[in-house]
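Visitor: structure here, sequence nowhere to be found:
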């Protein structure tokens, strides 16, 4: 297997993990399971959990996911020696 | 000082700032004009992208919309932010590595086809014009409401400003004015939000106040709203009225549409390296998230404020802002039962009050009796949001004409200076057309926002993903996918919105999916058709496979292994 393929399959693995989280917090917690999660409250606040994920939580997670991906890929670029000058 | 004077001061200062920035960042080459010389720092590009993305609709309408929709408003919050995750991971780094000036350029080269390029140009121009006319209209409305000038005069002033920095500076001028516009708009959005949070929840962070309690009674705001809604016969605020499948599909269509919009994508051509493109999307979403996590809080504050002030109260005792907005026709009250009180209830037969959602943000400072300078600031912020988005869209139109059509298709031997001049002329032309559309908006403008997202979702997004993530996707598959995705999506929207609007209700929609969410189905169709067609048609040439390998890695990599 060439370096390109090895680099690419690592990238795809990162994508698989991060996009699963992306899907779970928005479509999962915010939509599909929102009603069930709404039975739980975030302690000390008026937020029902499903509603909070739909209007706040998912957005925070999105931001974190992108920064994590950028970091992981910078490391991967270094490992394979493919970073740009 | 009165509101009008403050508005003139705030708008005047912000406009002077944009003109100053534009003079400082003039474009001197086509590379400057199309991609700002690829020298923009990731942080600055993130801010510019945030301003580019957040339009008059995000600034003026979104909080009001959520305020009336409650949980259902989540489709906009998740839909218009989640697309950036897709952009960061599936699109931006590879397009940056490819190093084009426009989206159609990528499509044309990856699919070795002029036809594919021209289809992409047509989509880019159509999507961008749809959007930009709405922005110009937004500029006109802000001018007319706050400065009491005619909508037409407002649009002409807005055109003049955009003309100045888009034609002079191209992408370079637009980028740095967008950075300034982001600062203006976010400040203008946060100041009233912080005031409201302090008044209604006793904390100064809107995102916390959203889940906080009324300082007087100790009841959580969301519980109070749910209770009031039940009492008045509305659906509880934290529940929705849309079906789950529809919420799912609308969110997906907006996310994928966001990632496929050409004016957002091209922003990531302007940074120096692939790693900058990745991190820059992160900065962009962070800057967007500041407004997008505040908007639902503002929605709750505004809703609570509104219900407290009007529901069941005597009409005679309404404050001054009420009659002021009544004059504009955005609030209407009809005393049906003749008791002099305002019945604001969920039951349409008994309800006496209708409120235009747009006034929630614009009137909030007045409803909450905030100082006059805050009102002026909100006007300047609304203008910043509208102008920055308009400029980004105009650049897509101008580069599609001067680069994709003129340079790549009609006149390949055009000189650098000739192309730069052509780019400026087409930018000027686009500003004029956008202004005309803003002054005389065709009736379908508001309707076609869903159209623009659906179109981007069902055309560009699959084509770009397949172009990077498969080596074998060929010209025939891509074109067939784009055409079938767009045609299906457009047909569904046109049928329910224009041909047979009477049938536009959940029982007639396929699987309960509304026209807003159908772009998701169009996207899936695009993928399926593209794969099927590519199975039965010739594979792409070896040079394309090499191109795909090249764009997958940031630097150079040794072939073989």
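Guide: Cool, the structure landed. Note that this is a predicted model, so its numbers are computed, not measured. Numbers count the residues shown, from 1 in each chain, chains lettered A, B, ... in the order given.
Visitor: and the worst-scoring helix or strand of chain A on mean pLDDT, which residues are buried?
Guide: Within chain A, no helix or strand scores below helix A:34-37, which has a mean of 90 by mean pLDDT, DSSP states H and E. Within helix A:34-37, the residues scored as buried using 16 or more other Cβ atoms under 10 Å in any protein chain shown are A:34, A:37. Yep, even glycine has a C-beta here, placed from its N, CA and C like the rest.
Visitor: ok, stretch B:308-322 next?
Guide: Quick answer for stretch B:308-322 (16+ other Cβ under 10 Å): B:310, B:311, B:313, B:315, B:318, B:321, B:322.
Visitor: redo those as a markdown table? Include pLDDT, secondary structure and distance to chain A.
Guide: Below are the buried residues of stretch B:308-322 laid out as a markdown table (pLDDT from 0 to 100; DSSP: H, G, I helix; E, B strand; the rest coil; distance: Cβ to the nearest Cβ, whole Å):
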| residue | pLDDT | secondary structure | distance to chain A |
| --- | --- | --- | --- |
| B:310 | 83 | helix | 23 |
| B:311 | 82 | coil | 20 |
| B:313 | 85 | coil | 25 |
| B:315 | 86 | helix | 31 |
| B:318 | 85 | coil | 29 |
| B:321 | 78 | helix | 27 |
| B:322 | 83 | helix | 28 |
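Visitor: report the two of the residues you listed separated the most.
Guide: The largest separation in the buried residues of stretch B:308-322, counting by Cβ to Cβ, is between B:311 and B:321 at 16.1 Å.
Visitor: what ranges does chain B have for its strands?
Guide: Assigned by DSSP state E, chain B shows strands spanning B:331-333, B:353-355.
Visitor: one step back: next SSE downstream of the least confident helix or strand of chain A?
Guide: Counting by DSSP states H and E, the next helix or strand C-terminal to helix A:34-37 is helix A:49-52.
Visitor: what packs against the next helix or strand after that following helix?
Guide: Next along the chain after helix A:49-52, taking DSSP H and E as the criterion, comes helix A:58-79. If you count contacts as 3 or more Cβ pairs under 8 Å, 6 or more residues apart in numbering or on different chains; DSSP states H and E, helix A:58-79 packs onto helix A:3-23, helix B:74-86, helix B:274-310.
Visitor: if you count neighbours, what's buried in the first one?
Guide: Residues of helix A:3-23 classed as buried under the neighbour-count rule (16+ other Cβ under 10 Å) are A:3, A:4, A:7, A:8, A:11, A:15, A:18, A:19, A:21, A:22.
Visitor: could you measure from the last one over to chain B?
Guide: The gap separating residue A:22 from chain B is 5 Å, by Cβ to the nearest Cβ, to the nearest Å.
Visitor: what are the contacting residues of stretch A:71-85?
Guide: Identification of contacts with stretch A:71-85 by Cβ atoms under 8 Å, 6 or more residues apart in numbering or on different chains yields A:3, A:6-7, A:10-11, A:14, B:93, B:273-275, B:278, B:553-557.
Visitor: can you tell me which of those comes closest to residue B:359?
Guide: residue B:278 (39.8 Å).
Visitor: wait, the closest one touches residue B:88, no?
Guide: Yes. Between residue B:278 and residue B:88 there is a contact at 5.9 Å, judged by Cβ atoms under 8 Å.
Visitor: overlap in contacts, those two.
Guide: Counting by Cβ under 8 Å, 6+ apart, the shared contacts of residue B:278 and residue B:88 are A:66, A:69, A:70.
Visitor: got TSV for the residues you listed, with pLDDT and neighbour count too?
Guide: Below are the shared contacts of residue B:278 and residue B:88 laid out as TSV (pLDDT from 0 to 100; neighbours: other Cβ atoms under 10 Å in any protein chain shown):
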residue	pLDDT	neighbour count
A:66	97	26
A:69	97	24
A:70	96	23
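Visitor: which of these lies closest to residue B:434?
Guide: residue A:66 (31.4 Å).
Visitor: so which of the helices and strands packed on helix A:58-79 comes closest to residue B:394?
Guide: Taking the helices and strands packed on helix A:58-79 one by one with Cβ to Cβ, helix B:274-310 is closest: 19.7 Å.
Visitor: how many neighbours does residue B:119 have?
Guide: By other Cβ atoms under 10 Å in any protein chain shown, the residues close to residue B:119 number 22.
Visitor: residues contacting it?
Guide: Per Cβ under 8 Å, 6+ apart, neighbours of residue B:119: B:107, B:459, B:479, B:482, B:483.
Visitor: the third one and residue B:459, how far apart?
Guide: With distances taken as Cβ to Cβ, to the nearest Å, residue B:479 is found 11 Å from residue B:459.
Visitor: so these two - more neighbours on which side?
Guide: Neighbour tally, residue B:479 and residue B:459, criterion other Cβ under 10 Å: the higher count belongs to residue B:459, 32 against 20.
Visitor: enumerate every residue touching the more buried one.
Guide: With Cβ under 8 Å, 6+ apart, residue B:459 has these contacts: B:119, B:120, B:123, B:260, B:482, B:485, B:486, B:526.
Visitor: now do the contacts for the second one.
Guide: Spelled out, it's residue B:120. B:103, B:104, B:107, B:108, B:404, B:459, B:460, B:463, B:482.
Visitor: what about 10 Å?
Guide: B:102-108, B:111, B:113, B:262, B:400, B:404, B:459-460, B:463-464, B:478, B:482 (Cβ atoms under 10 Å, 6 or more residues apart in numbering or on different chains).
Visitor: same question, the fourth one
Guide: When contacts are counted by Cβ under 10 Å, 6+ apart, residue B:260 is found next to B:83, B:86-87, B:91, B:103, B:123, B:127, B:453, B:455-465, B:519, B:523.
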